[in-house]
Each structure stands twice: as C-alpha cells, then as structure tokens.
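1. give the three-dimensional model of this entry:
(chains A and B)
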Amino acid sequence: MIHSLFLINSSSDIFLEKHWKSVISRSVCDYFFEVQEKAGEAENVPPVIHAGHHYLINIYREKIFFVSVIQSEVPPLFVIEFLHHVAETFQDYFGECSESAIKDNVVIVYELLEEMLDNGFPLATESNILKELIKPPNILRSVVNSITGSCNVGETLPTGQLSTIPWRRAGVKYTNNEAYFDVVEEIDAILDKTGSVVFAEIQGVIDACVNLTGMPDLTLSFMNPRLLDDVSFHPCVRFKRWESERVLSFIPPDGNFRLLSYHVSAQNLVAIPIYVKQNISFFETGSSGRLDITVGPKQTMGKTVEAVFVTINMPKVVLSANLTATQGNYTYNPVTKTLVWDIGKLSQQKLPNLKGSLTLQCGAPKPEESPSLNIDLKIQQLAISGLKVNRLDMYGEKYKPFKGVKYVSKAGKFQVRT
Amino acid sequence: MTPMQKLLQLPVNAVNIVKTVQAQAQEEARSPVLTPDSIQQNWYSAVQPEELRNLKVAGTGGGDSEERAPLEEGVTSAQTQPLRHDDLKEMLDSNKDSLKLEAMKRIVAMIARGKNASDLFPAVVKNVACKNIEVKKLVYVYLVRYAEEQQDLALLSISTFQRGLKDPNQLIRASALRVLSSIRVTIIVPIMMLAIKEAASDMSPYVRKTAAHAIPKLYSLDPEQKDQLIEVIEKLLADKTTLVAGSVVMAFEEVCPERIDLIHKNYRKLCNLLIDVEEWGQVVIINMLTRYARTQFLNPNVNESLLEESGEKAFYGSDDEEGKEEKAEAAALAKRKPYVMDPDHRLLLRNTKPLLQSRNAAVVMAVAQLYFHLAPKAEVGVIAKALVRLMRSHSEVQYVVLQNVATMTIKRRGMFEPYLKSFYIRSTDPTQIKILKLEVLTNLANETNISTILREFQTYIKSMDKDFVAATIQAIGRCATNIGEVRDTCLNGLVQLLSNRDELVVAESVVVIKKLLQMQPEQHSDIIKHMAKLTDNIQVPMARASILWLIGEYCEHVPKIAPDVLRKMAKTFTNEEDIVKLQIINLAAKLYLTNSKQTKLLTQYVLNLAKYDQNYDIRDRARFIRQLIVPTDKSGALSKYAKKLFLALKPAPVLESPFKDRDHFQLGSLSHLLNAKAGGYQELPDWPETAPDPSVRNVEVKDSVIRLLERVTTLTSVPEWTKCSSREKRKEKKVEKPFYSDSEEESGPTESADSESDSASGSGSGSESEESGSGSESEESREESESEQEDKEDEEDKRKKKKKTDRGKVKAPAVESPESEESSGAEEKNRAQKVKGRRSGSESESEEEEESESESSRSESESESESESDTDAKKKKKAPVTKPPPKQAKKESKKEKKEMSLLDLDDFEPTPSPQVTPVNNFLSSSLVTDLEGLSLTDTVMAPTTIAPSGSVKTYELLHRITGEGLGVEYCFSRQPFSPDAHMVAVQIMFTNNTNAETKNLHVEDPKLQSGMRIKEFPEIELLPPGEMVTVVMGIDFCDSTQAANFQLCTHIRKFFVSIQPPVGELMMPVFMTENEFKKEQEKLLQLSLGQLMGMNEISEKLTLGEKCQNEHGIVQRVTSAANVSRVPCGSDKECRFAGKTVSSGILVLVTVATKEERAAQLTVNCEKMVIGTMLVKDILQALTQ
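-> Residues are numbered from 1 along each chain as shown, chains lettered A, B, ... in the order given. Presented below is the predicted three-dimensional model:
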C-alpha cells in the first residue's frame, strides 16, 4: 500500500523520509515539485499525482506536504485519511504539527511511523495504543530520562490492541474522574447581496475529554436527538443502540477524542445569528471606491455574539483603504489584499459600522468582480441548532464522575456575497 | 543546515564538534546531486554481483568494520564519513545503554533525513540483542532500512529473531516476525516461510495478524512461494477474530486476488465481522467483497422495467406462488425469470450500510462504491447523504469525493438532487474544488432546477478566480446544450459576457457561443454580427479563430460583414497565431465559394501570404485550398465538389462531461481518479448471466455440531430431549436455517446474523475478551445472556425496525366505520390495499428496505373469507397438550452454540444441562397459575387460553455458572398481573445450586427504557442450598420488546440481568365473536387506507410444518407463540385469534387461512406495525417448524 513517505516544507526541502518497503529515491519527488510549481498555490496541488511508475498521494497540512509514494492500486481516500491521521497523531504528541516540532522529535516521529504502518498497511493507529507503545515527550520525562537513562518506549506492551476495545488502554487511573463534552456547532451559510439565505446548514461535533478510571461504560442521551440528521461516530459508539434508541452508548477512549460529528437536518431552518448590510462600490472614474458595512445581531437566542471578524478579499487593484470603524479596528494588508475588521462583541444598542473610501490603482479599470465577506463569530453557551444533552450515565464503575457539557456556536464557512 | 540538525549531531566532546562541522562543510561543498546515498548506489551497480559478494565477504571476514573502512574510503571518496561515524561506533560499542541509545537516535535521525548510514551496519547489528527496549527498537528500524543493502551482515541478526519467535510473550513473537519479514534478504525466504506458517496457527490473534502482514512481504520478495502462501491465506481467512480479518484480506488482495473461490466459505463470516474490524481493514474487505459480489450474484437492476412494476416483490417475493398478474408481467417481459436477490447479496448490503456512519472517509467511500456497484437502483440513494457529509472534510478528501460524485451524478442524477445546495461554491474554496463542484452542479442541472443553477452561475462569473470563471462559462454552455428550454437565455447571458473587460472571459464565451450557435445558426445572425465586431478587440487566438470560423460557416447570414472581416484579417494575417491563420484561410475559401465577386482578390492575397508562411501546416493548407477552389485546367473533378466539401452541414458538437463513462472503473479507486488503469488494478467484473451456485457459501457445521452434540449429551446425564428424532431435527435446523430458503425465511436468518455482530460490537465476542481478560464483569455477563438468547437478539433487531417505522408513521385518527361487513367487501378492500401497497411501494423505493419488505409481503396477501362452520375443532383444543419437544430442542441448540464458541477457547467446561430438573417442576406451577387465571377470565375463552399453558417456555436469566451457583430462570406465566393491569407478569424461579445459603435476593437499580416500569418481587430473605423458589414480578414493557435490565442482588453479589419478552407475550387474550372480529379487522384496514404509509395488515404465505397441519395443531402453535385467544369461527379453513397488547390495549388480530396441500396464509392486523411484523415472524416460525 503506502510505500514511502516524504515530508516537504514550504521551501521545497524534503526534511524527513521514511520507507516501509524497499527504498525509493527521493528524486521521485521531482514530479511533485513540477506539479506544485504549475499549481501555484499549495491548496491547488492535486492530491493525486501520477509520477512515472509511482503515484504520489499528498496532503497539505500546517504548511507541510505529506507526500506518500504508492506503487499500485489503492483507494486514494485510504491514503489521504491515513496521512491526515499521521498529522493528527503528530499534533497529539507534540502539540503542533510543524516542521520544527517534527525535526525536534525526529526519533519519536520515526518510531511512530514504524508502529503505524507495517509493510505499508496500517497497524496501530489508535492514539491510546500508540501512547502506550511510545510515550509522548514532555519536559519532565526528558529530564528524568537523561538522568536515569530510561527511555520513552513503553516497557509493557499495550493491551488495547489485543482486546476487543482497541481504542482504550487498560488500567487507567485518575484521582479526579471527569468527563467533559463540548458541543461545538458551526454554521455554514451563504447569504446573497440582499441578505437572504442562499444556503445554510449546521455542522456540529461533540468533542469529549474523558478522564475516567477503569472501564466505564457511558451513555449519553439528548433531549432532542431527532435533530441530528446525519451522524458519524467514533468507532467506540454502539451503532445499534443509536439506531434503536437514539442514545450514544460507548466505552470511551482515554483522553481527548471526537465522539460524534453531525449534521442538522436541512428541514430545520437555520437561525442566522447576525445580519450584514454592506455596500462596496467602485467608481468609474477617479480610481476610488466606497465601502460601508454594518453588522448587527439577529437571531441570537438572548446570547451575545462575540469575536466577530469580517474578512474581505479585495480585488487586486485596491491599493489602500481609508476607513473609520465605530467599533473594533480594521487592518488592510496591501500584499494579500485582505481587509480584516475585528469587531469583537456585538451590542444591540450601537451597531458597529465600517465606512470609508478605497483607493484603487491609478488608471486601472474599475474591477468587475465583487469581493465577498467572510464572517467569523462565536456564541458561547449556545448550540444554535437547539441540541441539548439530556444526561450522561455511567455503568460499570462505582465512583461518581464529574460531568460537564459546554456549548459553543461558531461561524463555519459563513459567506456574504456582494 | 538547520539548527535542529546541528543539535542532533551534537557530539559528546569538543573534538567531535570540530570534526562534525568540518564534515558538514565538506559535505555541503560537494555537488548536491551526488548525495552520499547515490554514490553508494553507483558503486553497487558498477560492481558485478559476484564481485560485490566477494567484496563484502572480504569486508565481513574480519567481523569488524575497520577492514571495511579503507575499502569504502577508496570507492566512495567519502573521506569524511568514517571520521564522523567513529564516535558513533564508539558509543555503540560502549557498555552503557544510554550511550548506545544516543548513538542510535542520531543514526535514526540521519536515516530520517535521507543521509546514508549504511557503513555503520556492523556496529549497529551487534546491538540487535540489546536488552534495552528502545535501543532494540531503533536497531530494528536501522536493520529494516539497510538489511537489503548488507545482506550477509544482516544474516547475523536472524538467530535473534528466531529466538524471539519462540518467546512466550505474544508481543515479542509478533515483533520478531515483523522485523524478520521486513528484512528483504532472499536467503532467508525459507526461514520466513516457516515462521509465517507457524505464526499463522499461533494462539494469539495478534501474532496471527502479524503473520497476515508478513505474507505480502514474503510474496514480494519471492513470488515463487505463492502456492504455499495461498495455503496460509486460506487458513487465516477462516480465522474468526476481527483483528486478523482486515490484514488477511489485504494479503489476499496482494497475493492472490484472482482466487475468489477462497472467499466462498468465509463470505458470511466476513460480512458479519465487518462492523467490528478496524477501519482500515474495513476498507480493504469492502473493496474485495464488491468484486466478489460482482462475480457471484446477479445484477439487481437487470430487469429494470420489471422492477419498476413490482420491485420489492422481486427482491423478496416467494419464488413460486406469485400472483397471477405478476406472472403475466414476467411473461411479458421477455420471459425472464423474476429477479430474486440472493440472501447473501442482501446480507452484504445490510451489513455494510451502518458503516456509512463511519468517521473514516475511506470507509464511507468504500461503502458508497459498494452500493453504487451492487445495490438495486432504489437503494443506492442512501449513500448520497454520507458522501455529502464528507464534503466538510479536508480539501483532499473533498477532491476525491467530488470526483466520485461527479461520476455518480451522470448515472444517477436523482440521488444527489436533494443536496444540490451542498455543492454551491464559496469564494474561499481552492480552484480545483470549485471546478469539480461546478462539474457536479452541471451534471445535476435539469429543467426544474436550471433557473436556480443559472442564478448561482451568475454569481460565479463575477468571481476573482479567472480559471473558475472560464469553467463556469463552459458549464453554462453545457447546460444550454443539454436543456433546450434555457438555450436562448444562456446564449443571451453569454453574449453579455462578450462585453466583459476581462479578455479570458470573453474568449471563453466566444468559444462556447460558437458551439451553441452551431445548433441553430439561423436565428442568431445578430449575435454573429456582434461577434464579428469583436475581432477588433479580442486577442486570444482561440476566440479569434472561433469567431472567424463562425463567420465563414454562416457567411450567408452575414453577407455584408463577412467580406469586411476578411479584409481586416488579410491586413493582420502575418501577425496572427497559427490557428487564427488557418481559420483566415478557411474563411477566405468559404467566401470565395459563396461570394467570389467581392472576395476573389482578397482570397488570392491571403493564399499568397500563406504560401510563404513559416508554418508548413499553413503552407500545405493554402496549397490544398487553392487547388480545390480556384478552377484551373488541372484541378479536375474535385473542384466541382468544392462547395459541398466546404459548406457541408456540420454536426453540432456534443458537450460532454469529462466524467462520462468513468464508472467502468471501480469507484473510489486510484484508477478511477486518474481515469487510467493503475498498476495492480483489479477490473470490476461484469455481472454473471446466471448466478453461480450459492451453496458454495454454505459453511459446513454439520460435523462439528453433531460431534459437539454428542459431547454435550454424554456430558449432561442424558435428558429426554436427546432422543434421536429430536436430535436430527435440531441438526437439520442448525444447518438448514441460515440463508437457504429463498422466500419466506429471507429476512429472518440474515437479521439474526446481523444482530449477532451487534452483540459482538457491544462487548466483543466471548473468545476475544476471554483471551485478553480485560473485559469487565458486567460486560461478560451481559454478553453471555445475549449469546444465549438468540430470540432476544432477533427482537432487538425488530425493535430497531420499529423505531424506524414509528418515526415515519403519521398517526391518523381512527375512523369509525358503521358499515356492515360482507365477505366480498373485505375482499375488495384487500385488493385495494394490494394495489395501494404496490403503488406506495414504488413511491417509497428509496425508503428503508424493511419497510418495503413488509409492504411486499402485504401485497402478496390474498384475502379469503369463506364462511364455513367448524365446531369440533374447538373441542379438540380442549385437551391441553404435553410439552412440545421442538421448543426445548431449540433452546438446547442455542446452548450448544454458546458452548461451541467456548470450545474455540480450548477451555470448554462441561455444563450439565441446568434446566433438566426444574422443567417439570415449573410446568406444574405454571399450570396452577393458569388455572388460577381461569377464574378471572371468561369461560368461553378458557379452553383456548389454557391450551398454550403446557408449552410455556422458560428462559434463562442467570446461568448457574455465571451466577456462582445461583441459577435463575423466568417465564411468562400469561396470567394478569393483579397489582397493575398494564404489566406483564413474569415468573422467576431461583435455584440455589451451592452448598451455602443465599440471602436477601432482591432487585436493584433497574435500567429501563423510557416509559417502562417494573414492579419488583418481594425480597427473598433466604434460599437454602438446593432449594428452589418462584416469585412473580410485573413489567410494563410499553409494548416494545426492549429488554428490561436490572440487577439481581444477593447478600454478597450483584448480577446484571435482563428480561426481554418475545412479542407474543406482550399481549393478552381478548374474547370476541366472529362478527366483532371482522368489524375490527375492517376498521383497521380502513385506518390504513386513510393514512398513506400505514400498514395495519401484514400477511405472509407459508407452508405448514408437518405437525400442525390440522386445525388443532395450528391453534396450539399460534397460542403458544402469542398470548391470544381463539375466535370462534364458522369456517374450518380459517382460524382466528384476537388479543390486545397489555400496556396500551391495542387490538391484535390474527388469521390463519389454510389452503390445499400444506399451504396457508397468515394475516395479522394490528395498528402497531412493528408488533404486527414481529408477531407474523414469530407465528410463522411456530407454524412452519
């Protein structure tokens, strides 16, 4: 399956290579560089590249290209998903999946890659198992290791891989038993010029942080499970229970994991928490334009809309912006041509407004394209779909855990067309 | 050099620092092309293999590296390398693990950066037996990387691994095999083969998994081992653990994908295991099963037209007794046999469907392609939602998914139409995603949604991304060609774009307009004129060429402008691009032929210019055209036809999706993505004309079952039921039951198989948790109770079904019908019902299959309401029958099943049949309670209610082994529970098999579904050893077959137990007359007509079992399966029963109509469809046995 992996940074340096079968010369990456050059932007590099006798399947994450070399037919998504999994594992281990983090921990990276694939086929990919095999680095341990000469490879071998619950390690112990669930919802929406909704939907996830002793068996139930239209589960969730009773029954992995991601059915009207009045116009003569944006809260269910950002990608001819904001502040980057207006909290009384003129390149014709506004926002303690967790029950263990649920709504791909 | 690299090379002392820096400096000074690695390889390739070996032998002869060093220095010219590596060697030779570790870390870092570290091989390989695990691991990493290059030296390490293969620790065995098989050294092939074979029969599933991984490694090393490896694969395919399944299928795919025959026996097992296999394995298995299914099953869409008419029936319908219409239809349709889906085909579809909910995009995609390639058209729709969900994922995932969606939308547009908006484009999407989304939107466009799509396209045209705008214009063009209604609108829109300031946009529009105009040029001369004007401004060659071609082609529509354009073009001819020049010549020729008066000179001028052009194509073209159009003496016959040649009517181009016909590649595959066959791609075979023998998938359990059975019987001091006849029957059932009967039994066994896998997913199969010993107590006990009660599992499945249908069902108010019923009236109703059922069936084709299933079964129904009297039959029933052996036999066989799985663990413990003694005891007690019940009920129904009492089934609540000596059984006594009429009375029998007293038996901590209630039995204070006590508790099951879970507590222990009622026990008898019965039936039918989807009648054809051919037998069977009472009936061909559910009092009406031979028809009317469906199944089972 996966023959080799090359990690390439943004300046086209191959800074790590790993081969699971015989060695493939790094010159195979030349095909990749060629395509990369043609594509221009990193995100436009096609994920699958035909390179002579090989195929390169790559992903781009955190400014690193993960380029895997494939020799024969394999489902491309299989490889792509796996590479993302690798990136997430690095993230999990080193806190970030950056070039420097990988270089600093190159041995651990190598050990991880060795465990994750055997002969190019995934072997141990569950984070709980990997952490038993190879302990994640931390300062204390590295100090202790250097003094005592002990190592960060697990002495005992993981039981999880052998049990029927491969995602959880045995013998977990905590003094404080806690289970936290974050219900995070993102609103994906496209609003048209007049502010009416072209398309809107809610995508949500439930991220869990479970630190519970032993082998707890949890059941999470919702007040209104019918809201969830399409769901995908962590493998620990018992599908049949969900099908029949609409409850999430599972033996959780230890630590952080994504329990569920869901989609709220399209029949339910999506509440759009803010409205945007915008007017961006360019004059035929005089190389200038005018911009006037007002943002106000709409359906917020009594909660405050926070961390509101408006980002506009301006046409290339816009040189500078001379604006005044009644709230927050704005920046215009003349290189990337992005205007960012950081509004902060939205208040009902005084609507934030950004107004002023744009300077265009002299002599250039008036741009025909219209920039669209990308909105970012956050509402605490509210799941915009109205989803509510009813209760969490624990079976199989005696102690009383501390349970917590948090709701956050955010803007996902929230775009206002002009 | 980055700081990090320096850090890694941080040497131990200052001298080394200097050395390293020097080394680096020198290394950098060298040509970047010639990395040390490549030098090494050059050297290897330059030397002949024999010489190479000699060299190496010479090198290794002394067994240390110093002798090698000069050799390498000489050849590689890497003067610096030995210098730098000396310190590493020193560290590796030291006694301190920490130094070794440090050295190994630095070496691994070198490998990671792609630096050559092969000269350290001898020093490293010495440490292969190091005690320190981390050093060892890193040595393994090194070894695997360089063993191929240093084969002889690598052999030194083999013995260590061979030792490791025998280690008592499974993980050490596994890791030894892993490394051993990763060393690509041909000499050790026999050793590897041996190791793999041994590991394949290892106790530990983990080691077996590693063996499966090793198979393709060995195969790639030495393909000649294929035959032996196939044997190993065959063996591992039979493995029952989920851990192994994915890996061995992967090995199968790499080594012998053509040996599809190996899968037959394991097919059902793989289907059932699938949900518990880890996600990567799932992908591989699903892909393999797709191919398998294509070779083994028939195309479900083969009789497309037939399907439209009676789709569901074709899938599930019985093979022989179809209705007359059905036959006529089938005959009409080219005498094809109506398609019947192989139950195994259904099993695959059913078991993969839940995986659409996987978090792993690859799994979702695999299931989607499986459905696309294998499912009946009506069912493919389910994948759309899941695929649309993947669009939220990373852009790479989006890219692949969109490519596949694009292919799917061409074949099955309807599937994605509801999700049209999900493909709307955001300005932040990467261009390649935008273009793919555009493709999908274009494919989805039809008459109804085109206006929305075009409005979207209008916004896209304003985008800043010019490539995307160009693609949008092309998309508009395609929409316009495909949908005639909007052609003019599109054309106008495109013409407006011609005034766009961006040249690319204009050019693209011109090209598209040209194609559109070709379809109907007459009406658009003004557009052509407009475009002619553009020649002054547009510089994009393709666009200019297109305009010129258009003017030339339709010059008679623009007779005045055309010559003028040619004049202008002649002026600029020399500066034009080649394609434009060619079109100028073309235009000139055409004008010469139509309007030679005005253009003769111009044409000659252009041709003259072209004659001396640099491009030979243009020169050739000019020469050719001159000969053709300018009549000379030599030109001959051809010039007569010049006009025909040039001005022939050209067919309009067809704008096609680039994704057309891509679906001949298996979707989701690399080949599909590239639209070219990738190496190792397995062609998706075409459906076979006739299905290969499905019996190849039958698993031989006969022998083992008999053997087991004998073992059990000898162990359990010969209870009555082991009489020969019953044993034979049991055996028959065991073997025969799964999947064979095409018709009625179709859903039953597959579903139970399904739920089996569910129980495994919940808590893991017994064998696994036993081995790892990590399953918690409660897990185990629950799982045991699950595996013991297959019925329960069946019901669990039904429960699921019920939930589903409940959701979909809209409750309509009951309509009272004062109509007096006539038998003919009922018949008509039924026919109407039938028609409706069929119609609604076709409407809801995309609905859950369960629903359609029941619909189809209903549509089969034929009402027979003859009224004949029968009285003596009633009398017959009076005599209560003795206990029926088949029931017990069934239970026993279940028990065996469990023991069989225990056997797999090699720790089979003989369990004496626990219920041998209690049975009689219990039966008498239940008789008593039933007699007590008599007094409460009507005298008329007494004979019928008492009938089943003899056959009350007991269920095990707690096995005496899990209960540590406390055995608990329960049964449904069928007497009203006096404290609460809505509760079902459950009789519980405790047996104390220990030598000590059990105290304080009570119920604790019930975990119930919402609405369910429990009335606990009074605490039993003392249960002396060997004694038995019976108590009654009440449970309100809320008319569902959900289990009531609670804890059974003694003074020392707690046991998790659950009681799950068969559906028949959820009701109580109701007495009614025949007229009342018919009236109620009528009412229910009308109800169902009133609501669209309601299905209050379920009927099923069946063949009566041997023992219940007479009425007496039927009554007995039915009443034992469900707690209903007989309705007196005039006809001797019909038996009617009535009951109502205990909790909500909903009426349940059962009719069994017998026909000639042993055929019969079972009809159940019940407002609660789920109860009805389940009841039908239960009664069916009771009657057919």
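
2. and for B:Arg455, the neighbour number?
-> By the other C-beta atoms under 10 Å in any protein chain shown criterion, the neighbourhood of B:Arg455 contains 11 residues. (Each C-beta comes from the backbone N, C-alpha and C, glycine too.)

3. please apply the same query to A:Thr175.
-> 6.

4. wait, a strand at it?
-> No. Counting by DSSP: H, G, I helix; E, B strand; the rest coil, A:Thr175 is not found in a strand; it is coil.

5. so where is the chain shaky, pLDDT-wise?
-> In the absence of a named chain, this looks at chain A. Counting by pLDDT under 70, the low-confidence segments of chain A come to A:138-164, A:265-268.

6. actually, chain B is the one I wanted.
-> Per-residue confidence of chain B (counting by pLDDT under 70) places the weak regions at B:1-84, B:303-338, B:521-522, B:633-636, B:700-952, B:1085-1096, B:1107-1109, B:1130.

7. phi first, then psi, for the nearest residue to A:Ala321 once chain neighbours are set aside.
-> Beyond its immediate neighbours in the sequence, the residue positioned closest to A:Ala321 (C-beta to C-beta, 6 or more residues apart in numbering or on different chains) is A:Tyr332, lying 4.3 Å away. For A:Tyr332, the backbone dihedrals (degrees, to the nearest 10) come out as phi -120, psi 120.

8. wait, doesn't A:Tyr332 sit right on A:Asn322?
-> No. A:Tyr332 sits out of contact with A:Asn322 when judged by C-beta atoms under 8 Å, with a separation of 9.1 Å.

9. please enumerate the helices of chain A.
-> A:29-39, A:76-94, A:99-104, A:106-116, A:127-133, A:139-148, A:239-245 (DSSP state H).

10. what's the closest of those to B:Ala154?
-> For B:Ala154, the closest of these is helix A:106-116, at 17.5 Å, according to C-beta to C-beta.

11. other SSEs contacting the closest one?
-> The criterion is 3 or more C-beta pairs under 8 Å, 6 or more residues apart in numbering or on different chains; DSSP states H and E, and the helices and strands that helix A:106-116 contacts are strand A:14-19, helix A:76-94, helix A:127-133, helix B:97-113, helix B:133-146.

12. any idea of the angle the fourth one forms with strand A:14-19?
-> This means helix B:97-113. Counting by axes from the mean of the first three to the mean of the last three C-alpha atoms, to 10 degrees, helix B:97-113 lies at 100 degrees to strand A:14-19.

13. the inter-axis angle of helix B:97-113 versus helix B:133-146?
-> Taking the same axes, to 10 degrees, helix B:97-113 and helix B:133-146 form an angle of 30 degrees between their directions.

14. ok, the helix or strand following helix B:97-113 near chain A or not?
-> The C-terminal neighbour of helix B:97-113 among helices and strands, as given by DSSP states H and E, is helix B:121-125. No. For helix B:121-125 and chain A, the contact criterion (C-beta under 8 Å from any C-beta of the partner chain) is not met; the two come no nearer than 14.4 Å.

15. re the thing from before, and the residue nearest to A:Ala321, how far from A:Gln361?
-> Relative to A:Gln361, A:Tyr332 is positioned 14 Å away (C-beta to C-beta, to the nearest Å).

16. is stretch A:336-353 up against chain B anywhere?
-> No. For stretch A:336-353 and chain B, the contact criterion (C-beta under 8 Å from any C-beta) is not met; the two come no nearer than 9.3 Å.

17. who touches that stretch?
-> Here stretch A:336-353 makes contact (C-beta atoms under 8 Å, 6 or more residues apart in numbering or on different chains) with A:274, A:292-297, A:304-316, A:318, A:321, A:325-333, A:354, A:377.

18. measure that stretch end to end?
-> By C-alpha to C-alpha, to the nearest Å, the extent of stretch A:336-353 from end to end equals 23 Å.

19. and that stretch, how far out from the chain's middle?
-> Counting by C-alpha atoms, centre = their mean, to the nearest Å, stretch A:336-353 is centred 24 Å from the centre of its parent chain.

20. give me the buried positions along that stretch.
-> By neighbour count on 16 or more other C-beta atoms under 10 Å in any protein chain shown, the buried set for stretch A:336-353 is A:337, A:339-343, A:346, A:352-353.

21. report the contact partners of the residue nearest the centre of chain A.
-> When chain A is reduced to its mean C-alpha position, the nearest residue by C-alpha atoms, centre = their mean turns out to be A:Glu88, at 9.9 Å. By C-beta under 8 Å, 6+ apart, A:Glu88 lies in contact with A:Cys97.

22. look up how far chain B lies from it.
-> Using C-beta to the nearest C-beta, to the nearest Å, one gets 11 Å for the distance from A:Glu88 to chain B.

23. contact partners for the residue nearest to A:Ala321?
-> Taking C-beta under 8 Å, 6+ apart as the contact definition, A:Tyr332 lies against A:314, A:320-321, A:323, A:338-340.

24. wait, which of these is closest to A:Lys410?
-> Of all those, the one sitting nearest A:Lys410 is A:Val340; the distance, using C-beta to C-beta, is 17.0 Å.

25. tell me the bridge partners for that closest one.
-> Judged by DSSP bridges, the bridge partners of A:Val340 are A:Thr311, A:Thr331.

26. any idea how far chain B is from it?
-> For A:Val340, the distance to chain B equals 14 Å [C-beta to the nearest C-beta].

27. and for the residue of the stretch 1001-1150 of chain B found nearest chain A, the neighbour number?
-> Nearest residue of the stretch 1001-1150 of chain B to chain A (C-beta to the nearest C-beta) works out as B:Gln1009 at 6.8 Å. When neighbours are defined as other C-beta under 10 Å, B:Gln1009 has 16 of them.

28. with the contacts of A:Tyr332 in mind, which one is nearest to chain B?
-> Lowest distance from chain B to the contacts of A:Tyr332 (C-beta to the nearest C-beta) belongs to A:Met314, with 9.2 Å.

29. noted, bye for now.
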